[in-house]
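A.B. asks: Model the structure of this input:
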Amino acid sequence: MGSTSAFEDVEGLARVATLDEVRAQRDNLSIPLYVPPMSGNGGEAGEKPLGAVIAGWEQSSRALRAVMLRLFEKSKPDTGEEY
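C.D. replies: I've put the predicted structure just below:
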């Protein structure tokens, strides 16, 4: 179940706000009004060295590619054709 349907707080992502809290924000449902940004490196929220961001992106890209290849392998018809 995802954070949008679990109806519970998820640090840095989702928060269940009361109607009074929403009214106090003039009925504005903008997420940053209720969910503070996370800071994982002790600095400003979202502040990371560029090299670390690129390395993380490359790692997640490799993981995504591996998952997609497995998915394609499972979903392709058995024609002997390769992707």
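A.B. asks: What ranges does the protein have for its strands?
C.D. replies: Per DSSP state E, the chain carries no strands over any range.
A.B. asks: mind giving me the domain split of it?
C.D. replies: For the chain, the structural domains run 1-36, 42-76, going by automatic domain parsing.
A.B. asks: possible to save those domains as TSV with mean neighbour count and mean pLDDT?
C.D. replies: C-betas here are computed from N, CA, C, even on glycine. Below are these laid out as TSV (neighbours: other CB atoms under 10 Å; pLDDT from 0 to 100):
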stretch	mean neighbour count	mean pLDDT
domain 1-36	11	84
domain 42-76	10	84
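A.B. asks: ok, now how distant is the residue nearest the centre of the chain from Trp57?
C.D. replies: For the chain, the residue whose C-alpha lies nearest the mean C-alpha position (CA atoms, centre = their mean) is Leu13; its distance is 7.9 Å. Counting by CB to CB, to the nearest Å, the separation of Leu13 from Trp57 is 20 Å.
A.B. asks: Looking only at residue counts, what's the top helix in this structure?
C.D. replies: Taking DSSP state H as the criterion, the chain has its longest helix at helix 50-75.
A.B. asks: How far away from the center of its chain is it?
C.D. replies: Centre-to-centre, helix 50-75 and its host chain are 15 Å apart (CA atoms, centre = their mean, to the nearest Å).
A.B. asks: ditto for stretch 59-78
C.D. replies: 20 Å.
A.B. asks: Please apply the same query to stretch 28-38.
C.D. replies: How far stretch 28-38 lies from its chain's middle: 15 Å, per CA atoms, centre = their mean.
A.B. asks: What lies in contact with it?
C.D. replies: Applying CB atoms under 8 Å, 6 or more residues apart in numbering, the contact partners of stretch 28-38 are 11-15, 17, 21-22, 25, 45-46.
A.B. asks: switch to 6 Å and redo it
C.D. replies: 12, 15, 17, 25, 45 (CB atoms under 6 Å, 6 or more residues apart in numbering).
A.B. asks: List just the nearest of these to Ala63.
C.D. replies: Taking CB to CB as the measure, Ala63 sits nearest to Gly12 out of those, at 20.9 Å.
A.B. asks: coming back round to it: list the helices and strands the longest helix of the chain packs on?
C.D. replies: Counting contacts by 3 or more CB pairs under 6 Å, 6 or more residues apart in numbering; DSSP states H and E, helix 50-75 packs against no other helix or strand.
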